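**Student:** Okay, here's the prediction I keep looking at, along with the sequence it came from:
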Amino acid sequence: MNILVYQMDVIPGDPQANREKVGKWLEEQELHDVDLIMLPEMWTTAYTLPELDDIAEEPADSETVRFLKESAERYHVHIMGGSIAVKRDGKVFNRALVINNAGELVYHYDKMHLVPMLNEPAYLSGGEESVRVFELDGVKMGVVICYDLRFPEIIRSLALQGCKLLFIPAEWPDSRRAHWDVLSAARAVENQMYVVTCNRPGEYDGITFAGSSAFIDPWGNVLQKGSVEHEETLRQELELSNVAEVRENVPVFDSRVPSLYD
Ligand SMILES: NC(=O)CCC(=O)C(=O)O
């Protein structure tokens with residue numbers, strides 16, 4: 001599977017400008033052999049939390065969902081659409097979107113863990129549904145959003161549902177970059193799955209973000225890593241059969257004793 005990660009610097013509070021930016025980026029890419037593209041967390045707005053009540057999109061009438069569906073169909077590429085702010089019943093959620101290459105929304109997930117360090121609980125509501133795997137090209141995959149990376153139990157839940165490839169869109173600050181690097185590799189090793197991350201670089205509201213998007217294989221090798229500071233496009237081919245090989249060599253899923261800890 002060929003994946004293109006857009007480690008995008010986000011224009012604060014301007015969904016239209018960010019859609020145009022992604023549209024232009026798509027036009028510039030060589031996409032004929034690409035299976036999936038990925039965007040970061042909150043890529044239409046950045047962390048403009050006080051403004052989200054006004055600029056978050058209604059899921060049923062979302063300009064961004066329309067844009068992603070049209071782009072997926074036009075370029076015949078799956079889109080791991082990072083996450084965007086959506087508003088439902090007066091509450092704002094941080095929602096990940098997955099669109100297949102026929103332009104269909106196949107999965108969404110509302111971030112369940114809200115980040116105290118970024119004041120998310122004051123402005124956002126946590127998702128109320130657990131994570132589920134989704135399938136693209138017959139492969140089971142999952143997505144969690146940024147801070148969720150700190151909660152191994154939800155990623156283990158995806159692994160037990162058969163997830164082979166985990167996506168983590170993020171706006172992770174540079175001040176905690178050491179955690180980002182270690183935890184994303186740890187999730188790949190402990191769950192024996194590919195982990196693909198897309199974290200924005202740049203600054204907003206006094207916070208510098210860490211970039212460092214990465215492709216990590218099920219053995220924990222970092223196949224490729226983005227820069228800390230700059231916007232960048234990363235392209236990587238993943239050999240998904242490696243998941244079965246690693247799980248055979250180190251059969252942790254067979255060795256589990258859930259009766260003692262579930
Ligand atoms: N956007 C986020 O979820 C940031 C998470 C974070 O700052 C951390 O876990 O540290």
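**Tutor:** Arrived safely. Computed from a prediction, not measured in an experiment: that's the story for all the values here.
**Student:** beta partners of the residue nearest the centre of the chain?
**Tutor:** Nearest to the mean C-alpha position of the chain, by CA atoms, centre = their mean, lies residue 169 at 2.6 Å. Residue 169 has these beta-bridge partners by DSSP bridges: residue 198.
**Student:** So it is in contact with residue 44, correct?
**Tutor:** No - counting by CB atoms under 8 Å, residue 169 stays clear of residue 44, with 12.0 Å between them. Backbone N, C-alpha and C define where each C-beta goes, glycine included.
**Student:** in stretch 109-123, what's buried?
**Tutor:** Neighbour counts over stretch 109-123 (16 or more other CB atoms under 10 Å) mark 109-115, 118, 120, 123 as buried.
**Student:** at contact distance from the ligand, anything in that stretch?
**Tutor:** Yes - Stretch 109-123 is in contact with the ligand by CB under 6 Å from any ligand atom, via 115, 117-118.
**Student:** try stretch 174-182
**Tutor:** Yes - using CB under 6 Å from any ligand atom, stretch 174-182 reaches the ligand at 176, 179.
**Student:** Give me the distance between the biggest strand by length in the chain and the centre of its chain.
**Tutor:** What stands out as the longest strand in the chain, according to DSSP state E, is strand 78-88. With CA atoms, centre = their mean, to the nearest Å as the basis, strand 78-88 stands 9 Å off its chain's centre.
**Student:** Past it, which element shows up next along the chain?
**Tutor:** Where DSSP states H and E defines the elements, the next helix or strand beyond strand 78-88 is strand 91-99.
**Student:** Which strands and helices lie in contact with that next one?
**Tutor:** Contacts defined by 3 or more CB pairs under 8 Å, 6 or more residues apart in numbering; DSSP states H and E place strand 91-99 against helix 63-75, strand 78-88, strand 105-110.
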